[in-house]
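Asker: here's my sequence, what's the structure:
(one chain, ligands or ions: 1)
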Amino acid sequence: MEYISTRGKVGSIGFIDAFMMGLANDGGLLIPKNIPVIPVETLQAWSKLSYTELVLELFSYFTNDEIPKEELKQLVEASYSTFRHPEVTPVTKLSDDLYLLELFHGPTFAFKDVALQFMGQFYSYVAKKKGVRINILGATSGDTGASAIEGVRGKDGIKICILHPHGKVSKVQELQMTTVQDDNVLNLSVDGNFDDCQRIIKELFADLEFKSANDLAAINSINFVRILAQIVYYFYAYFKVADNIGTTKVNFSVPTGNFGDIFAGYMAKRMGLPVGKLILATNENNILERFIKEGVYMPGDFRMTYSPSMDIQVASNFERYLYYVLGEDPELITKLMEQFKVEGEISIDGEALAKVQAEFAAHGVLGAECLATISSVKTDANYLLDPHSACGVAAAKACAAPNELTVSLATAHPAKFNEAIELCGIEQQYPEQIKALFDKEQRQTRIAGDKDAIAKAIEVFYKG
Ligand SMILES: *Cc1c(COP(=O)(O)O)cnc(C)c1O
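Answerer: As a prediction, this is how the structure comes out:
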């Protein structure tokens, strides 16, 4: 498989080069040159595999032969050995037609671990193999940062700098990032919101001179490898709940911020997995809900909510989907993204909008509905959802027709977001690993939301 850019000026490049490039050098996003379609017989064979076996089979369509099989196997096994559940991403039943895909059994208790523990191993592998230095730069709404740091802390040849919005992540998210004492980790606590953090790092990645002088590498979902690792669990969950592999249709409901996770579901569908509806759940920051319902992509006012990891207005992966839905035309995407930069809006209508609405349903979950869902699922099923997963369940209930099978993605453990759980009058037990965070010393640098100040701080850190 080779990789190209949504804006048409990069390509074709190999798998490791795509991984290392992160954001495409023309400012677009990298995508596979074509999407492999998995035959039904292969799906049936895959349905009997363990999680890590499935990872290896699926990756083989995307990695070329750039990584020797045995080495890839070791990387994958090391990546998932730190998960607390033997199935890695187990599925549990909430009611007759609604299942939960638990994605929070990794070391930092959120779904980001599924991709980032692998990416940590993979960066380390590439650093050794190619003898290069790798300086990871990422922005986080809370969970990516903790997971990426956990994946590379203390590793030789790798440094990591994470920008998080000051005061806009949960207490546990902040502690997970800032209590790591390894010298290869820098946390910048930025005055601003996640969109500011993401815009600044995208600008730094787009500055090719800065990028190469500082050996920058990306862990955000602008990196295609992150999407790739997330495609796996859609297949895995499908195999757990479908009676007839290849025939039964299954909806997926996905709590969404940057459109990364749900884009992985879209890829799974394009690869031939019988996905029914992709249900997009948002909170009050509902730009994507409005896009699906009205065809207008236009950031609104930023709101703080009970689900901070979804407090995002500008969804970087949206460009990948736009590329596919508008007929894979890089010139058109370049024009639209430039127009978006100037006018702050993209709209589509007619056939394109009909296509979007055939593929996606959407529901914006307001705070009260989020808390009510946490409470009712606790009462009815004795299951404690975190506020993001609750948005997914609420959207599944709003968008799935009776008798349709739906898998809702449980993207985080409730202990990460006690702020919301407390408001439901529920007292939860923290896992030991989270309890222990409260006694540790924090390390972070508060910084203005200014690109030049941030560029200077990370340069000093990477060169030091
Ligand atoms: C990151 C995150 C999301 C949103 O995922 P995207 O890939 O950005 O759409 C949802 N829930 C939790 C808990 C997250 O950490």
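
Asker: count of neighbours near residue 380?
Answerer: Number of residues near residue 380 (other CB atoms under 10 Å) recorded here: 10. Quick note: C-beta positions are derived from backbone N, CA and C, even for glycine.

Asker: next one: it from residue 374, what distance?
Answerer: For residue 380, the distance to residue 374 equals 11 Å [CB to CB, to the nearest Å].

Asker: over to the closest residue to residue 290 other than its chain neighbours: give its phi and psi.
Answerer: Spatial nearest neighbour of residue 290, chain neighbours left out: residue 296 (6.0 Å); criterion: CB to CB, 6 or more residues apart in numbering. When read as degrees, to the nearest 10, the backbone of residue 296 gives phi -110, psi 120.

Asker: contacting residues around the one helix or strand residue 266 maps to?
Answerer: Using DSSP states H and E, the element containing residue 266 is helix 260-270. Helix 260-270 is contacted by residues 35, 37, 111, 221, 226-228, 230-231, 234-235, 238, 252, 254-256, 275, 278, 280, 316-317, 320-321, 324, 359-360, 409, 411 when judged by CB atoms under 8 Å, 6 or more residues apart in numbering.

Asker: is the ligand contacted by it?
Answerer: Yes: counting by CB under 6 Å from any ligand atom, the ligand is contacted by helix 260-270 at 260, 261.

Asker: which parts of that helix are buried?
Answerer: Within helix 260-270, the residues scored as buried using 16 or more other CB atoms under 10 Å are 260, 261, 262, 263, 264, 265, 266, 267, 268, 269.

Asker: for the stretch 151-300 of the chain, which segments count as strands?
Answerer: 158-165, 185-190, 216-218, 250-255, 275-282, 296-297 (DSSP state E, counting those that start in this stretch).

Asker: nearest to the ligand, out of these?
Answerer: Closest to the ligand of the strands of the stretch 151-300 of the chain is strand 250-255 (CB to the nearest ligand atom; 4.2 Å).

Asker: returning to that earlier point: centre of the chain to the helix holding residue 266, how far?
Answerer: 11 Å (CA atoms, centre = their mean, to the nearest Å).

Asker: can you check stretch 400-410 too?
Answerer: Centre to centre, stretch against its chain (CA atoms, centre = their mean), the figure for stretch 400-410 is 21 Å.

Asker: in it, what's buried?
Answerer: Buried residues in stretch 400-410 (16+ other CB under 10 Å): 400, 405, 406, 407, 408, 409, 410.

Asker: that one near the ligand at all?
Answerer: No: Stretch 400-410 stays clear of the ligand (CB under 6 Å from any ligand atom), getting no nearer than 8.0 Å.

Asker: now what about that stretch, what contacts it?
Answerer: By CB under 8 Å, 6+ apart, the residues outside stretch 400-410 that reach it are 91, 94, 97-104, 111, 237-238, 241-242, 248-255, 261, 276-277, 279, 385-386, 389, 392-393, 395-396.

Asker: give me the buried subset of the residues you listed.
Answerer: 91, 94, 97-104, 111, 237-238, 241-242, 250-255, 261, 276-277, 279, 385-386, 389, 392-393, 395-396.

Asker: show me the contacts for residue 457.
Answerer: Neighbours of residue 457 in contact, by CB under 8 Å, 6+ apart: 186, 188, 445, 447.

Asker: and which of the residues you listed is nearest residue 424?
Answerer: The closest of the contacts of residue 457 to residue 424 turns out to be residue 188 (CB to CB; 32.8 Å).

Asker: burial of the closest one, as a residue count?
Answerer: For residue 188, using other CB under 10 Å, the count is 24.

Asker: which residues are in contact with it?
Answerer: Applying CB under 8 Å, 6+ apart to residue 188 gives the contacts 161, 162, 163, 164, 444, 445, 447, 454, 457, 458.

Asker: try it again with 10 Å
Answerer: By CB atoms under 10 Å, 6 or more residues apart in numbering, the residues touching residue 188 are 137, 139, 145, 161-164, 166, 197, 200, 444-447, 449, 453-454, 457-458, 461.
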